[in-house]
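Undergrad: below are the sequence and a predicted model; questions follow.
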Amino acid sequence: MASNHPPENGVDGDDEREEDDDAEEEEDEEAREDEEGEPRLKYQRLGGSVPSLLSNDAAASIAVAERMIALGTHDGTVHILDFQGNQVKEYAAHTATVNDISFDSEGEYVGSCSDDGSVVVNGLFTDERLKFEYHRPMKTIALDPDFSRKPSRRFVTGGLAGQLFLNLKNWLGYGKQVLHDGEGPIHAVKWRTSLIAWANDAGVKIYDMVNNQRISFIERPRGSPRPELLLPHLVWQDDTLLVIGWGTCVKIAAIKTNPSNGANGLQRTISISSTKYVDIVASFQTSYYISGIAPFGDTLVVLAYIPEENAEKDFRSTVPSRQGTAQRPEVRIVTWKNDELTTDALPVHGYEHYKAKDYSLAHAPFSGSSYAGGQWAAGDEPLYYIVSPKDVVIARPRDAEDHISWLLQHGWHEKALAAVEAGQGRTELLDEVGSRYLDHLIIERKYAEAASLCPKLLRSSASAWERWVFHFAHLRQLPVLVPYMPIENPQLSDTAYEVALVSLATNPSFHKLLLSTIKSWPKTLYSSMPVISAIEPQLNTSSMTDFLKEALAELYIINTQYEKAFALYADLMKPEIFDFIEKHSLHDAIHDKVVELMILDSKRAVQLLILHRDFIPPSEVVGQLLGTSKKCDEKYLTHLYLHSLFEIDPQAGKEFHDLQVVDLYAEYEPKMLLPFLRSSQHYRLDKAYEICVKKDLVREQVFILGRMGNVKQALAVIINKLEDMEEAVEFVTMQHDDDLWEELIKQCLRKPEMIGMLLEHTVGNLDPLYIVKKVPDGLEIPRLRDRLVKIITDYRTETSLRHGCNDILKTDCVNLLVKYYNEARRAVHLGIEEEGNRKKEDDASFGQRAERASSSSVKTMELKSKTRGGGRCCLCFDPFYIQNLSVVVFFCCHAYHISCLIGASDSMNEASNASDSDDDSETDDTQSRRSRMCCVLCTTAGR
């Protein structure tokens, strides 16, 4: 427990001198580190999106490719992460725990299996998605390494059904083949080149896809825990080495091509002709449970689960640990002979409650060819991922700088200096010696004084500045150093500024300083994401102040996360939020801020929500408005939105039309209810009628009754309540039902005034005489005489109009027939190419007549069809092709040479002129027709 007295200066908080007991424990730990030697690995929790993902879920499986990580959780989701832990994609692939994940060798496809009985394969760079149902929990999956390159799309999977399925695509579709069955559930499967290794209750088997046969069986280690308590682990170190970790046993199997028999107790079930067999090249027992195993150069990395002390003697047959008493998992580097090189205990969150099965180990693919002398080349080192339900830890080989840091931590400054001079680390580490004065101040807890001296002592050494920034951060005293931190000459790393901002964000008394610092520092100095990650967990806590909220919004804007900045501005209810939305096109970010926007400015909010209803559907808007707990008239706001939405797109909110009829239009705008009822087809008629009756909305009742088919009841409502005969007649006319006319007359007979109104409005629809006959004798009808006179007058007018229309129609028909007949008498002129030359030789009279015939609208075309004369002139009977003359064809199919027709036409015209010379009443149309050529035969016959 820290002292109750504040430090001499600085920020209240922990430092490196908490209590004497803690100091002694640290000294003991340092002594143990000295004895154990320098560790081989360094560890880091996977950040980015992982903490937020695992805050509400638990990790269940992991797989690592060359470019990304796939993390499966217990809710059935597969998260695709980069190597910093930032989520790239998310697949809601299953409805239960994701038991296993597998990449292909190219890292283009990821497959997953789950307890829900499904296997899903997703394309990481395409929209391709394959899903297979097995109806039993599936525990393991392995994609063909060439999955993306081969059209067969093969993968193997197995589970509690005890069958190992090979799925592949052929010309009939996807099919499955059972590779193995009958030996209990399939617990693990790995695919390397053409070799598939899997483990069931009996042991491990290896199958060769080239020869399509099993090449080996490795028996399950005796005394190993049941697979339900501790799974077997299979890892291909390379194309010919399979590492097996099961219970407390490790075996390394080598795939060889010598057809001789196997060794080391290996059981073989293959034929002698096989070219492959398996030999166990290493095997040893451990004193701990194996929760994961992976190659580490020429050694092995083992994730060890330490059984509880009272079960060490018989841990092979007992449950790994009781809840709440488990020890930390350990990462051990061992040789093939079980010589332990290093052991690191991992401070995994919640390790006390985990069992051996809750941990898993995965490693990034690497060749290991550059491994030499315990070091890897830069960029070629392997990465190991230790996964627990609520944590992901990355382990990687320590580099030269880690070695120097380790020397400094142990006070071996000479060795550290020698290492720096030898070029093993950064030259900036030389500044460590010059910082002893600051060390003294820190030991004396004079933090503020030390911070004020930093500009003088550290000058322009960026590395020294950064080192002290992190040291102050470690002591939780960094806020006192932030005002002195340089932003140029030197400019520090973005991490230093990020750590400084985070230190301000975690202390409420410095939130105002945080806001001013963010506004004053250039945005290029730091990455806003770490600061955002530090502030976000405080969003819904008591430590969240308005200054911190505004600072977080500024960081979101810097990081172009305008959606999250919008959410904060919405919580602050700033009027300029609508302009902020338009400026940054945040229309898809208003999903959960509908109520705030509507309360702030309902008019602009409605326009915004309707304009961008593709991003936020009406169902979501209505759900938020009606389900809000904020103090507002949620129904009226809902009405404003739905009414405006209906006016723009009647189909967009059709599922809420019942709500609009019952709770909104009838309550807030009854006048708009009838147009809505007429336009919509998506509401319950009985419910709408009930509310209309309750609200005494008569015309709305009439409309709904009409749509329900109760036309007689609707008609009765019009007559009895509205007493609007014009509307009643219009209603009956629209129904096209003769019985309804009878009902109208029957209803009107009860009221004499209604009879008179009916007579006035039924002209053209119903015989007035029929209505008069229906009137009982002695019934007094007001203004009956005047109404009858008007009916008779209107009837005569209508009759006169009909007769006039008929006369006009007949005259138009006669004129059109005459015109059609005259057009049909015209001839068609069939000319030839030599006609122009021949015209020069013809006499003048023949040329004038031919020109007159051409001017009489005679059409020219090629002679292509036969005529009635069989291709001969109907006057001279010569074939048309003998004489080089033009031809005229009539619609009666008689054809003539033009010369023959003109001669015959002249004689006929002379006779006609003689007979018609005394006729002075001849019209212009008749004279025009005489100038036209006529068929001689038809004209003669007509005469």
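TA: Noted; the coordinates are in hand.
Undergrad: show me where the stretch 201-350 of the chain has its strands.
TA: For the stretch 201-350 of the chain, applying DSSP state E, counting those that start in this stretch gives strands covering 203-208, 213-219, 233-236, 241-246, 249-256, 277-285, 289-296, 299-305, 330-334, 340-345.
Undergrad: of those, which approaches Thr73 most closely?
TA: For the strands of the stretch 201-350 of the chain, distance to Thr73 was read as Cβ to Cβ. The smallest value, 18.0 Å, belongs to strand 289-296. (Glycine included, C-beta is placed from N, CA and C.)
Undergrad: what strands line up against that closest one, and which way round?
TA: strand 299-305 (antiparallel) (DSSP bridges).
Undergrad: can I get the partner strand in CSV? Just the C-alpha atoms.
TA: The C-alpha atoms that make up strand 299-305 are tabulated as CSV, following Å, rounded to 0.1, in the frame of the first residue of the first chain:
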residue,chain,number,x,y,z
THR,A,299,14.9,-26.3,-30.7
LEU,A,300,11.3,-26.2,-29.6
VAL,A,301,9.0,-23.6,-27.9
VAL,A,302,6.6,-25.3,-25.5
LEU,A,303,3.6,-23.6,-23.8
ALA,A,304,3.7,-25.4,-20.5
TYR,A,305,0.8,-25.7,-18.1
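Undergrad: now the angle from that strand to strand 340-345?
TA: Counting by axes from the mean of the first three to the mean of the last three Cα atoms, to 10 degrees, strand 299-305 points 40 degrees away from the direction of strand 340-345.
Undergrad: redo the strands of the stretch 201-350 of the chain as JSON lines? Include mean pLDDT and distance to Val156.
TA: As requested, the strands of the stretch 201-350 of the chain are exported to JSON lines (pLDDT from 0 to 100; distance: least, Cβ to Cβ, whole Å):
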{"stretch": "strand 203-208", "mean pLDDT": "93", "distance to Val156": "9"}
{"stretch": "strand 213-219", "mean pLDDT": "89", "distance to Val156": "13"}
{"stretch": "strand 233-236", "mean pLDDT": "94", "distance to Val156": "12"}
{"stretch": "strand 241-246", "mean pLDDT": "93", "distance to Val156": "15"}
{"stretch": "strand 249-256", "mean pLDDT": "93", "distance to Val156": "17"}
{"stretch": "strand 277-285", "mean pLDDT": "92", "distance to Val156": "18"}
{"stretch": "strand 289-296", "mean pLDDT": "93", "distance to Val156": "21"}
{"stretch": "strand 299-305", "mean pLDDT": "93", "distance to Val156": "25"}
{"stretch": "strand 330-334", "mean pLDDT": "93", "distance to Val156": "30"}
{"stretch": "strand 340-345", "mean pLDDT": "90", "distance to Val156": "34"}
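Undergrad: now the element after the helix or strand of the chain with the lowest mean pLDDT, going C-ward?
TA: When the helices and strands of the chain are compared on mean pLDDT, DSSP states H and E, strand 859-860 comes out lowest with a mean of 36. Past strand 859-860, heading to the C-terminal end, the next element that is a helix or strand (DSSP states H and E) is strand 887-890.
Undergrad: output that following strand as CSV, restricted to C-alpha atoms.
TA: Extracted C-alpha coordinates of strand 887-890, given in CSV (Å, rounded to 0.1, in the frame of the first residue of the first chain):
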residue,chain,number,x,y,z
VAL,A,887,-44.4,0.5,-118.1
VAL,A,888,-47.4,1.7,-116.0
VAL,A,889,-49.1,-0.7,-113.5
PHE,A,890,-52.4,-0.1,-111.7
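Undergrad: hmm, back to that, and Ser800, which of the strands of the stretch 201-350 of the chain is closest to it?
TA: Using Cβ to Cβ as the measure, strand 203-208 is the one of the strands of the stretch 201-350 of the chain that comes nearest Ser800, at 100.9 Å.
Undergrad: so what strands line up beside the closest one?
TA: Each strand that pairs with strand 203-208, with its direction, by DSSP bridges: strand 195-200 (antiparallel), strand 213-219 (antiparallel).
Undergrad: in the last one, what counts as buried?
TA: Residues of strand 213-219 classed as buried under the neighbour-count rule (16 or more other Cβ atoms under 10 Å) are 214-218.
Undergrad: now render those as TSV, adding distance to Gln87.
TA: Written out in TSV, the entries for these read as follows (distance: Cβ to Cβ, whole Å):
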residue	distance to Gln87
Arg214	40
Ile215	41
Ser216	40
Phe217	41
Ile218	39
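Undergrad: what is the nearest of these to Asp239?
TA: Distances from Asp239 to those, taken by Cβ to Cβ, are shortest for Ile215, at 13.9 Å.
Undergrad: ok, then the element right after the longest helix anywhere in the chain?
TA: Here the longest helix in the chain is taken by residue count, with DSSP state H as the criterion, and it is helix 784-824. Sequence order places strand 827-830 as the next helix or strand after helix 784-824, per DSSP H and E.
Undergrad: pull the CA atoms of that following strand into PDB?
TA: In PDB, the C-alpha atoms belonging to strand 827-830 read as follows (Å, rounded to 0.1, in the frame of the first residue of the first chain):
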ATOM      1  CA  ALA A 827     -50.900   4.200-111.400                       C
ATOM      2  CA  VAL A 828     -47.300   3.100-110.600                       C
ATOM      3  CA  HIS A 829     -44.700   4.100-113.200                       C
ATOM      4  CA  LEU A 830     -42.000   1.500-113.800                       C
END
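Undergrad: so what secondary structure elements neighbour that strand?
TA: Packed against strand 827-830 by the contact rule (3 or more Cβ pairs under 8 Å, 6 or more residues apart in numbering; DSSP states H and E) you find strand 859-860, strand 887-890.
Undergrad: go through it and flag the buried ones.
TA: Here strand 827-830 shows 827, 829-830 as buried, counting by 16+ other Cβ under 10 Å.
Undergrad: from the buried residues of strand 213-219, which is closest to Ser452?
TA: Distance ranking of these against Ser452, using Cβ to Cβ, places Ile218 first at 67.9 Å.
Undergrad: so what's the closest one closest to, chain neighbours aside?
TA: For Ile218, the nearest residue in space outside its immediate sequence neighbours is Val204; the separation is 4.2 Å by Cβ to Cβ, 6 or more residues apart in numbering.
Undergrad: so how far is Ser216 from the one you found?
TA: Distance of Val204 to Ser216, computed by Cβ to Cβ, to the nearest Å: 8 Å.
Undergrad: between those two, which contacts overlap?
TA: Common neighbours of Val204 and Ser216 (criterion: Cβ atoms under 8 Å, 6 or more residues apart in numbering): Ala253.
Undergrad: if I look at the closest residue to Asn86 other than its chain neighbours, what pLDDT would I see?
TA: Take Asn86 and drop its neighbours on the chain: the residue closest to it by Cβ to Cβ, 6+ apart is Gly48, 3.8 Å away. Gly48 carries a pLDDT value of 91.
Undergrad: and for the one 3 residues further on?
TA: For Pro51, the model assigns a pLDDT of 92.
Undergrad: next one: the one 4 residues further on
TA: Reading off the per-residue confidence, Ser55 sits at a pLDDT of 91.
Undergrad: how about the helices of the stretch 601-750 of the chain, start to end?
TA: Remark: helices of the stretch 601-750 of the chain, listed N- to C-terminal, are 602-611, 618-626, 634-648, 657-659, 666-668, 673-679, 685-695, 698-708, 711-717, 725-735, 738-748; assignment by DSSP state H, counting those that start in this stretch.
Undergrad: now the fifth one: mean pLDDT?
TA: Within the predicted structure, the mean pLDDT of helix 666-668 is 68.
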